[in-house]
Structures are given as C-alpha cells and as structure tokens.
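K.L.:
Okay, predicted coordinates and the sequence, questions at the end:
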Amino acid sequence: MRNSPQLITYADRLAGDLQGVLQLLEGPFAGAFGGVHILPFFDPIDGADAGFDPRDHTIVDHRLGTWNDVANISEQFDVMADLIVNHVSSDSTSFNDWKRLGATSEWNDMFLTMSSVFPDGATEEDLAKIYRPRPGLPFTTLTMDDGSNRLVWTTFTSQQIDIDVESAPGSAYLDSILNAFSSGGVNLVRLDAVGYAIKRAGTSCFMLPETYEFIEQLAARCRTRSMEVLLEIHGYFEDQIEIAKRVDLVYDFALPPLVLDALYTSDAAPLSEWIKIRPTNCITVLDTHDGIGVIDVGAHPSDPSRKGLLPPERIDSLVHEIARRSSGESSLATGAAASNLDLYQVNCTYLDALGNDVETYILARLIQVLLPGVPQVYYVGLLGGRNDLALLQETGVGRDINRHYYTPHEILDALETPLVTQMLNLLRWRAEHPAFAGKFELVARDIPHELVLQWVNNDADAQVSATINLSTCSFTILDRIGSIEMTRTSFMSDTPA
C-alpha cells in the first residue's frame, strides 16, 4: 500500500460511475491521492443500507460500470473494496432459495437463526448479553414459504440477514467474493462488520476470542490473494490496540472525536495521550460514510470500570457542542430522530461539527495527516460539503446527512473554494514530502493548548515540525528538505512562504 492519502467515496454520489472516479483522480485531484476506497459498488448500490446489503457481492452494479473499470483504476491507484462479512441482502438468491426450500436448500446452513446459536433455547440473561449497535434484539420474524415462522439473526436491519461464516456454504460465499476482488484488481480489503460475525450462546456475540481467530484466518485468505486487510470495528480503545496486532490495518476511529474535543476545549491532553499509545498501522479518518464515533473514546460498553479516553461528562459536552455548532442539525440526524439508528455515532459533516469554520477545519485535517498512518479523506469532507438536510428529509436515514449526491457543476464550484484549494495542497504535500517516510515524534510540551508533531527522515535529509495552537486555531510548520528550510502557516499556496 502506498504511503499517501486515500480518497473514500461512493462512485455514484461523487462522480456518477467508476469511470468518473478515475477521471477525477487523474484530473482535478491529481497528486493528492495514492489510493481510493470505493464504497460498495456491488449489486445493488441502493438497497436498504446504501450498498452494504448486497444481493450479489461478486457483481458490479451495471449503473456504475464493470470489473474492468475497477481494474483500470487499480492500474494507477490502490483500490480498497468492502468485504461485507456479517450479512447478505434478504433479496439475495441464496436467501430466497432457503426461504423457499428450508432444510432441503443447499444454503440451509448459511443463514443464522436464533436456534442456530441457542439450540436449547435462550434465557433472558442470554438475550440481554447480546451486543447490538441498534436498539432491541437482533432477530426478525421470517415466514418461510411453507408457512412456518423462523427468527433469523439480523444484527443491523431486517433486510440484512446474518450468515454463518463458519459453515461450508458461508465460507465458500466469502471465498467467491475474494476471488472476484482479486481478479478485479482490488489490493486492499476492508472487513465490514466482522466484529459481529461469530456468535456463541451466553456471550455478547461481539469480538469474542473466536472472532479474533476468525479474523486472522480470513486475513490469511486475503493475503494468499495478495490483498492487505483493513479491519472496521467501532469499540473500546484497548481492544482496538489489541486488534491492530493481528491485521495489516485498523481505523483510528478515536481520532475524530478527540480532535473535536481538542479544538472545542483548547486542551491537547486527551489527544496527546492517545497519540502516545495508538496503533500506527492504521487508516486515519475524520469523517466517513458513517457518523462520528463516540463509543471509540468511551468506557468499555460492558465494564464501565474500564475508563475511556474521555470521561462521560466530556463526551456529553462533545455531543452537545456538535449540535450547537451545527445549529441543531446533528440532532435531527442522530439517535431516535432518524432511522437506521446507531447508538454510538453522531451524524454530521465534520465541517458543520466545526461550525463551518474553514481555518479550524484545515487545522483538524493537518492533525490528521501529520499522525502516523495513511490518511483517508471522505469525498464530502474533501469538497467542503455541508449537512444535506434535503436528503435527510427525503430518506429519513440519519447518515444521509453526510452522503450528498454531487452534480458536476457542484464539483466545479467546490474546486474554486479556498477550502478545497487548501485541502488539495495539504494532501499533495503529505503525498510528496519525504519526511513522512521517516520517524514520527510527539514533542513533549508544557503548554496545554499546544501540540507539536514532528517527522524526521535522515536518509532523505528531510524534516517537518508542526506547532499547532488550539487556542488560536493556527499552526506553524518548519519544512526542511536538504539545505532548503521554509516556514508554512497556510496551505492556500502549494509553496511555503
């Protein structure tokens, strides 16, 4: 994987189709990105969960293009695709075959029911232990074609049917997807919702010891096809540190709320403490197609004595401040106010979470790209997108507030703004500067509102040292390559002052 920023985007919502994504990467975004995470482009892209409920995970939705289009992108850029591990669409051929034929279906062992995990029945205590990122129990009543009723396991929505990944058909299903990825030029695989994949009676059914074993096995299957693995799990920070030892890459989901907290409070302490212990084999993000995580900085969900990166009262203040700075818009898209409910995320664009303050936003992005890991930038964040209240009202899905459909005209207009000018200059600087191939240091400071981040590459005789003032939301960068040393206080120009 290239040590340069990645774009994360839906093909249709940004560029119309896969060819359009390549045209943007080669055109106005040239030099800013070494890779792209194309959010689900499978058949169909517009199901119950914006493509995360594939009917056929091995087929590219014809409205976006073909596997050849994916392969064309991969000739120049790293390409990441989602392996949706935990579930398939209720419209899938395999599920409907099982619904019709029951025990005689070749897919009978693939789909999880309550009795699959609890063959002897479940007590109230058993059911109360199950962890789910939605309210209620993870079961949906299904009427089979013979008239009998079954309780199918549905961790997320009733249209997303959990599969038994340990069964022969479930395992073969995952292999068929990996084979399609490999032949299509995908070299990075994001394991979506894998933390819920293994279920055991009497447990939380989330990130069990058996889950870790399964992740290691699945990662090995990816590597035999020359694909690296990114794990997607929201959870307690110590678990994230442990998980990072077992896979190629993890997300730094604690970073987005910690950066907001630092900018809101002018206190660098919690962010600095995380920088000292965080995994470095990570994808750094501030925004994604999902919301801003809260569970990632909180106490352990089943053991409050294991404290989080932020205390509960500070998390409450963070959520309230996001709502205040977004003029209440985040509240319209979060929790009980919106469907597709997430208990652990605040839905809002990152720019709106910062009150549409462009300079503060660029400062947040600077922190992101300075930390060890590969920075990944969401298409709405790249273009300075604002909360899409019209789309939220149309769909009622909270996360759609940050999933805007861009027209070509909107993209052209965005490219002329100071925000996008600074974003692209910042990303090109991160992609090209030789210091970022060296060693990172968090420089100790006694000033609570300052953060000093430094990179030194002795082999290339290059150095970057950034002093970030959280009180004034300003920065100074000492930028040296060889004998040439410059100072930068802005990214409006691609050349330091």
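P.N.:
Perfect, I can see it now. Predicted model, so just to flag it, every value in this text is computed and none were measured.

K.L.:
Low-confidence ranges, the stretch 151-300 of the chain, go.
P.N.:
Residue ranges of the stretch 151-300 of the chain with pLDDT under 70: none are present.

K.L.:
which residue ranges form the helices in the stretch 1-150 of the chain?
P.N.:
Counting by DSSP state H, counting those that start in this stretch, one finds helices in the stretch 1-150 of the chain at the ranges 11-14, 18-26, 67-74, 93-101, 114-117, 124-129.

K.L.:
so what's residue 490 closest to, chain neighbours aside?
P.N.:
Closest residue in space to residue 490, ignoring its immediate chain neighbours: residue 422 at 7.3 Å, by C-beta to C-beta, 6 or more residues apart in numbering. For the C-beta atoms, the positions are set from N, CA and C on the backbone; glycine is no exception.

K.L.:
Repeat that for residue 475.
P.N.:
Closest residue in space to residue 475, ignoring its immediate chain neighbours: residue 468 at 4.8 Å, by C-beta to C-beta, 6+ apart.

K.L.:
Surely that neighbour is in contact with residue 365?
P.N.:
No: in this structure, residue 468 sits apart from residue 365 without contact. The criterion is C-beta atoms under 8 Å, and the distance is 11.6 Å.

K.L.:
Report the residue ranges of every domain in this protein.
P.N.:
6-85+168-435, 93-162, 438-488 (automatic domain parsing).

K.L.:
same question for stretch 15-25, mean pLDDT?
P.N.:
Across stretch 15-25, pLDDT averages out at 98.

K.L.:
ok, the residue nearest to residue 490 - contacts?
P.N.:
For residue 422, the contacting residues are 358, 362, 490, 491, 492, by C-beta atoms under 8 Å, 6 or more residues apart in numbering.

K.L.:
List buried residues within those.
P.N.:
Among the contacts of residue 422, those buried by neighbour count (16 or more other C-beta atoms under 10 Å) are 362, 491.

K.L.:
How many residues are close by residue 147?
P.N.:
Residues contacting residue 147 under the criterion other C-beta atoms under 10 Å number 6.

K.L.:
contacting residues for residue 387?
P.N.:
Residues counted as contacts of residue 387 (C-beta under 8 Å, 6+ apart) are 326, 329, 330, 333, 348, 349, 352, 401, 402.

K.L.:
got any ranges where the stretch 351-497 of the chain has weak pLDDT?
P.N.:
For the stretch 351-497 of the chain, the stretches with pLDDT under 70 are 497.

K.L.:
Leaving out chain neighbours, which residue sits closest to the residue positioned nearest the centre of the chain?
P.N.:
Centroid check for the chain by C-alpha atoms, centre = their mean gives residue 288 as the closest residue, at 5.0 Å. Ranked by C-beta to C-beta, 6+ apart and with sequence neighbours excluded, the top spatial neighbour of residue 288 is residue 378, at 5.6 Å.

K.L.:
What does that neighbour show for phi and psi?
P.N.:
Recorded main-chain torsions at residue 378 are phi -70, psi 140, according to degrees, to the nearest 10.

K.L.:
related to what we said a few turns ago, how about JSON lines for the contacts of residue 387, with neighbour count, distance to residue 177 and secondary structure added?
P.N.:
Putting those into JSON lines (neighbours: other C-beta atoms under 10 Å; distance: C-beta to C-beta, whole Å; DSSP: H, G, I helix; E, B strand; the rest coil) gives the following:
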{"residue": "326", "neighbour count": "25", "distance to residue 177": "37", "secondary structure": "coil"}
{"residue": "329", "neighbour count": "22", "distance to residue 177": "37", "secondary structure": "helix"}
{"residue": "330", "neighbour count": "29", "distance to residue 177": "34", "secondary structure": "helix"}
{"residue": "333", "neighbour count": "25", "distance to residue 177": "31", "secondary structure": "coil"}
{"residue": "348", "neighbour count": "27", "distance to residue 177": "32", "secondary structure": "coil"}
{"residue": "349", "neighbour count": "26", "distance to residue 177": "31", "secondary structure": "coil"}
{"residue": "352", "neighbour count": "20", "distance to residue 177": "35", "secondary structure": "helix"}
{"residue": "401", "neighbour count": "29", "distance to residue 177": "30", "secondary structure": "helix"}
{"residue": "402", "neighbour count": "30", "distance to residue 177": "27", "secondary structure": "helix"}
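
K.L.:
between the residues you listed, which is nearest residue 150?
P.N.:
Residue 150 has its nearest neighbour among the contacts of residue 387 in residue 333, at 33.6 Å by C-beta to C-beta.

K.L.:
In contact with the closest one, which residues?
P.N.:
Counting by C-beta under 8 Å, 6+ apart, residue 333 makes contact with 347, 348, 387, 392, 398, 399, 400, 401.

K.L.:
and if you look at residue 361?
P.N.:
Applying C-beta under 8 Å, 6+ apart, one finds that residue 361 lies in contact with 350, 351, 354, 384, 419.

K.L.:
following the helix or strand encompassing residue 162, which helix or strand shows up next?
P.N.:
Residue 162 belongs to strand 160-162 when elements are defined using DSSP states H and E. Of the helices and strands lying after strand 160-162 in sequence (DSSP H and E), the nearest is helix 168-183.

K.L.:
partners of the very next helix or strand once past that following helix, with directions?
P.N.:
Towards the C-terminus, the helix or strand next in line after helix 168-183, according to DSSP H and E, is strand 188-192. Based on DSSP bridges, the pairing partners of strand 188-192 within the sheet are strand 78-84 (parallel), strand 228-231 (parallel).

K.L.:
Turn the ones you listed into a markdown table, columns for mean neighbour count.
P.N.:
Supplementary listing: those in a markdown table, determined by neighbours: other C-beta atoms under 10 Å:
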| stretch | mean neighbour count |
| --- | --- |
| strand 78-84 | 24 |
| strand 228-231 | 22 |
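
K.L.:
Need these in CSV (columns: distance to residue 156).
P.N.:
Shown next, in CSV, are those (distance: least, C-beta to C-beta, whole Å):
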stretch, distance to residue 156
strand 78-84, 10
strand 228-231, 18
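
K.L.:
Residue 121 is nearest to which of those strands?
P.N.:
strand 78-84 (30.0 Å).

K.L.:
can you give me the angle the closest one makes with helix 67-74?
P.N.:
With axes from the mean of the first three to the mean of the last three C-alpha atoms, to 10 degrees defining the directions, strand 78-84 sits at 130 degrees from helix 67-74.

K.L.:
Could you tell me the angle between strand 78-84 and helix 18-26?
P.N.:
Orientation check (the same axes, to 10 degrees): strand 78-84 against helix 18-26 gives 140 degrees.
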